[in-house]
Every structure is written in C-alpha cells, then in structure tokens.
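S.K.: Okay, predicted coordinates and the sequence, questions at the end:
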Amino acid sequence: MPSGAERRRRKSANARRTPTPPPVDDTPLAAFFAQFESFSFNARQPSNKNFDRLIRVLKIEPNDPERHVVREGFKDALVMEFNERFGTDGNDLAAWQNLCCVLQIAPVPDTIPECCQCVWDTHVNLVDLVDTARIGTPIKLFASLGELTAYTIKTKKFFPKQNAYQGGLLKELLREILNPYLGKRRNGSAKRKERKKKQKAAKAAAGGD
C-alpha cells in the first residue's frame, strides 16, 4: 500500500495532467461582454440572451452602425469560445471524440473519419453547442436539417459562417453544413433543384450573415 506521501504525489501528478476549465471571467464571451461597463454578464444565461440584453442596455437602434460593430464583436467571441471549448485542430482525434460525446453519439468512434461522419449526420445549432459546453445546458438535437433551419431562424441563433478566428475543427464542421453531401450523380434538373433547396436550408441553419 502506498504511503501518504506517495498518494499525495500521485494526486498532484494527476491534477497536473487533468485540464482545468478556464475561470468564467477568462472566457472569450465573458471578456467580450466585460467591455461594456453598464452591462452585467450572466454566465448562466445563453449567449444570445446576454447579447439581446446588451443591445437593450446600450439602447442601440437597428440601423445604428455601432450595432453592427457590437454584433461583429459578439460573433468573434462566439467563434473563439468554440475554439476554447472544443479545440482548433481538425486532425485531432480527441477533439472529434469530445464532440461526439457532447452530441450524445454512442458508441464513440475510434477514427477521425468515423467521428466526422457521425458529427456531420447530427443536426445541432452551433450557438447551442457552445452554450452546452459553457453552462451545461442539455444539448438540443434535431431530426432533420429542415427542423434545425426553422429553429435557427425562429430563435435567431445564427453562428458566423466565416470568421478570421475559425480553427481547423470549426472549418470542417461549417464546410459540411454549408456543402451537405447530396450524392455524386448530377443527372436531371430535379436533382439540381433538390441540391439547391438543401444547400439553401443548410446555409440558413448555419447563420444569417
């Protein structure tokens, strides 16, 4: 049986190997909202709810150029929050497996291609995905791309399709969302119309910018 000193040494070593979530105040979304002295960020509230409150507090009119600047800053923070929570390396098996776990995919695949396919076959709003990792809300999954699109438009939870801070992992996710696999054969106008219809729905689900 290991001595008390040996147990403490092992505990300390394990602690160093275990990733520690960043303090709330150090996360990208918290840092973004902290810029506004008149606003009180609620770390337990969904990201879009915090943003809506911020707009009300700042009393910015819809056509005010400042509103665009604030929204762009919010989009940057969303992307950086995703990077911090899920990683940036599209070739990292552990990152893909973590996504599978969050999306309740079981069993979790053992290879990146299998993980990718399972994640791509799962319909989820990316703003919700970030909030699930951030505040622990249950993940909301949809049976079809159409259902996801309707939900995204209704809730206005648009995740930026293009952003300078996108890491490789996020680019892989968005690539599949914006260019859904619709089959290799391209014979007939009906198939082309169906592809365009699905691509339009995919773009709406990804975001409105």
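M.R.: Yep, it's here. Residues are numbered from 1 along each chain as shown.
S.K.: Would you point out the helix or strand in the protein whose mean pLDDT is lowest?
M.R.: Using mean pLDDT, DSSP states H and E, helix 4-17 stands out as the lowest-scoring helix or strand of the chain, at a mean of 43.
S.K.: Report the buried residues of the helix or strand just after that helix.
M.R.: Per DSSP states H and E, the first helix or strand lying C-terminal to helix 4-17 is helix 28-34. Under the neighbour-count criterion of 16 or more other C-beta atoms under 10 Å, helix 28-34 has 28, 29, 30, 32, 33 buried. C-beta coordinates here come from the backbone N, C-alpha and C atoms, glycine included.
S.K.: Switch these over to JSON lines; also include pLDDT and distance to residue 40.
M.R.: Converted to JSON lines, these look like this (pLDDT from 0 to 100; distance: C-beta to C-beta, whole Å):
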{"residue": "28", "pLDDT": "96", "distance to residue 40": "18"}
{"residue": "29", "pLDDT": "96", "distance to residue 40": "14"}
{"residue": "30", "pLDDT": "95", "distance to residue 40": "11"}
{"residue": "32", "pLDDT": "97", "distance to residue 40": "14"}
{"residue": "33", "pLDDT": "97", "distance to residue 40": "9"}
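S.K.: of the residues you listed, closest to residue 172?
M.R.: Closest approach between the buried residues of helix 28-34 and residue 172, by C-beta to C-beta: residue 28, at 20.1 Å.
S.K.: who's in contact with the closest one?
M.R.: 76, 77, 78, 80, 81, 84 (C-beta atoms under 8 Å, 6 or more residues apart in numbering).
S.K.: Excluding chain neighbours, give the residue nearest to it in space.
M.R.: Nearest residue to residue 28 in three dimensions, chain neighbours excluded: residue 80, at 3.7 Å (C-beta to C-beta, 6 or more residues apart in numbering).
S.K.: Go ahead and confirm residue 141 touches residue 121.
M.R.: No: counting by C-beta atoms under 8 Å, residue 141 does not reach residue 121; the two are 10.8 Å apart.
S.K.: Helix or strand: which one has the nearest residue to residue 171 once chain neighbours are set aside?
M.R.: The shortest distance from residue 171 to any non-neighbouring residue, by C-beta to C-beta, 6+ apart, is to residue 90 (6.7 Å). Assigned by DSSP H and E, residue 90 falls within no helix or strand.
S.K.: and residue 90, how many residues sit next to it?
M.R.: For residue 90, the neighbour count with other C-beta atoms under 10 Å is 17.
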